Structure formats: C-alpha cells, structure tokens
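**Q** this one's sequence-less:
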C-alpha cells in the first residue's frame, strides 16, 4: 500500500517544478532619473502564481522608488522561456533576471553569459556571507550545476500538494481519512466517476515525470541513487506506475 508522503496530504492537483532565479550581468540605469530598471522573466501564468508575482513586483516597486522591476510572463513553462531566452541572446537584448527550471540549470550555465550569485553578493552587498546567511545548504544545492557551481538562487521549491473538494467528498460519502494512501485516492476517484460521470482526480501532466515522482517516492522508490544514477526502474517504481496507469 502506498502511503502518501507527509508533504502531499491535501488532492487533487499536483503543481510545479523547482525554479531558479538567474542573474544576467548588469541592469540598465536611466541617467536622467537615476532609476535602475530590471526586467524579470518568469513562467508563472495567472493560474499558477502569476497574480502573486505581479503583486510582489508592484509592492517592490512601491517601496523602492529608485528601482523599477518589469515582469514578463513566458508561456509554455521553462522550455518556452529558454527558447525565448535563446532568441533574446541572439539579438543582444537579454533580461536582467530569469526564472529557469532546475532541469535547465546545466544548459543555462553552459550556453549563456551570466553573473553568479556569489559575484553579485560581493559586488552589490559587499558581503561574502549574504547567500549562506539566507539560504540553507540543501536549498542551494538545487541551484548548482553538474560541476557544483552555484549559478542561481533557489526561488520556488515546489512541493506536490493534494487538494480536496470537501463538499464533493461529503456528497458521495467519501471520508477524507481514506485519502491517506494512493489506493484510497484511486478508489475515491472511481466512486466519483461512477456516481457523477465526472473525473474524480486530476494530476498535472507537465513535460516530465515530476507529478508522478510523488507517487513513486510514496511507495519507497528512489529517483536516483547516492551515485547520482537513475534508480526509479525498481520494483517500487514499477508498482507505482502500474497503479497510475489503471486510473484512467
């Protein structure tokens, strides 16, 4: 039986990926107003954190009168942003800060010119400990490339969340306590489907297996071993996918 991991308790949608904020060398300044202009590219649609991003940018601009941040949404998640970034680099008009997915960290560091967070901290904060004082060693590991070099800062460390529609559960006689295992979620989804004709569960399907990893980890599978090699093709991983493919 696959018990849902602690971080998953509350379905029916599994959301997002690790985002890394990466800094290109230099921000533009207006000599007349002495205002620093910063362009920030992100992947957060209105339905996936975009509203919060806009609010944060608005509040930042309001409290920093000599800095103006302009946020730009890039569709098609991290792949779409990287494609736009390639075009921007070719034209010589790159943004100042970009949100890059963890899976693209190596590609970014190998193909783009950028300022490392360490260099930025020393240049702008005159500090060698600003980063380590504000980020844990574990979170910083997500922003390092294969060579162990810190190329960005961990900006959005996503956690899969299980959201429930409590009124729907009550309507079809489903106890929330029964959703503590994936088998329980599967049974609840089938009950909703049989009684209403509507699907009872939704699991995000990005262009990777991030959402499904939660299921594998809940069953004791590993995504990679201590040597960094793929390890998900185990008995536990296979069992998780066997359960998953019987749902729909």
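**A** That came through, no problem. Only a predicted model underlies this, so the values are computations on that prediction, with no experimental measurement involved.
**Q** shaky segments in this structure?
**A** For the chain, applying pLDDT under 70 flags the ranges 1-33, 206-207, 248.
**Q** quick check: domain ranges of it?
**A** Using automatic domain parsing, the domains assigned to the chain come out as 6-14+161-245, 19-156.
**Q** just put those domains in JSON lines and tack on mean neighbour count.
**A** Just so you know, the C-beta spots here come from the backbone N, C-alpha and C atoms, and that holds for glycine as well. Below are the domains of the chain laid out as JSON lines (neighbours: other C-beta atoms under 10 Å):
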{"stretch": "domain 6-14+161-245", "mean neighbour count": "15"}
{"stretch": "domain 19-156", "mean neighbour count": "15"}
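**Q** residues contacting residue 187?
**A** Counting by C-beta atoms under 8 Å, 6 or more residues apart in numbering, residue 187 makes contact with residue 178.
**Q** repeat the analysis, applying 10 Å as the threshold.
**A** Each residue near residue 187 by C-beta atoms under 10 Å, 6 or more residues apart in numbering is listed here: 174, 178-179, 181, 200.
**Q** repeat that for residue 75.
**A** Here residue 75 is in contact with 43, 45, 81, 84 (C-beta under 10 Å, 6+ apart).
**Q** now, which of these lie within helices?
**A** Those of the contacts of residue 75 mapping onto helices are 81, 84, per DSSP state H.
**Q** most widely separated two among the contacts of residue 75?
**A** Farthest-apart pair in the contacts of residue 75 is 45 and 84; separation 14.6 Å (C-beta to C-beta).
**Q** using a markdown table, lay out the contacts of residue 75 together with distance to residue 109.
**A** Output for the contacts of residue 75, formatted as a markdown table (distance: C-beta to C-beta, whole Å):
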| residue | distance to residue 109 |
| --- | --- |
| 43 | 18 |
| 45 | 26 |
| 81 | 15 |
| 84 | 18 |
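**Q** before we move on, back to that, out of the contacts of residue 187, which is nearest to residue 167?
**A** Ranked by distance to residue 167 (C-beta to C-beta), the contacts of residue 187 are led by residue 174 at 11.1 Å.
**Q** leaving out chain neighbours, which residue sits closest to the closest one?
**A** Spatial nearest neighbour of residue 174, chain neighbours left out: residue 188 (4.8 Å); criterion: C-beta to C-beta, 6 or more residues apart in numbering.
**Q** can you name the element that comes right after the helix or strand containing the one you found?
**A** Per DSSP states H and E, residue 188 falls inside helix 182-196. Sequence-wise, the next helix or strand downstream of helix 182-196 (DSSP H and E) is helix 210-218.
**Q** which is the next helix or strand following that following helix?
**A** helix 235-245.
**Q** where does residue 232 fall, phi/psi-wise?
**A** When read as degrees, to the nearest 10, the backbone of residue 232 gives phi -80, psi -20.
**Q** quick one, phi/psi of the closest residue in space to it that isn't next to it in sequence?
**A** Beyond its immediate neighbours in the sequence, the residue positioned closest to residue 232 (C-beta to C-beta, 6+ apart) is residue 223, lying 5.3 Å away. Phi and psi for residue 223, reported as degrees, to the nearest 10, are phi -80, psi -40.
**Q** thought residue 223 was touching residue 237?
**A** Yes - contact criterion C-beta atoms under 10 Å: residue 223 and residue 237 qualify, at 8.5 Å.
**Q** between these two, which contacts overlap?
**A** 213, 216-217, 230-231.
**Q** rewinding a little: so can I have CSV of the contacts of residue 187 showing distance to residue 61?
**A** Conversion of the contacts of residue 187 to CSV gives the following (distance: C-beta to C-beta, whole Å):
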residue, distance to residue 61
174, 46
178, 47
179, 42
181, 46
200, 43
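**Q** I'm done for today, thanks for sticking with me.
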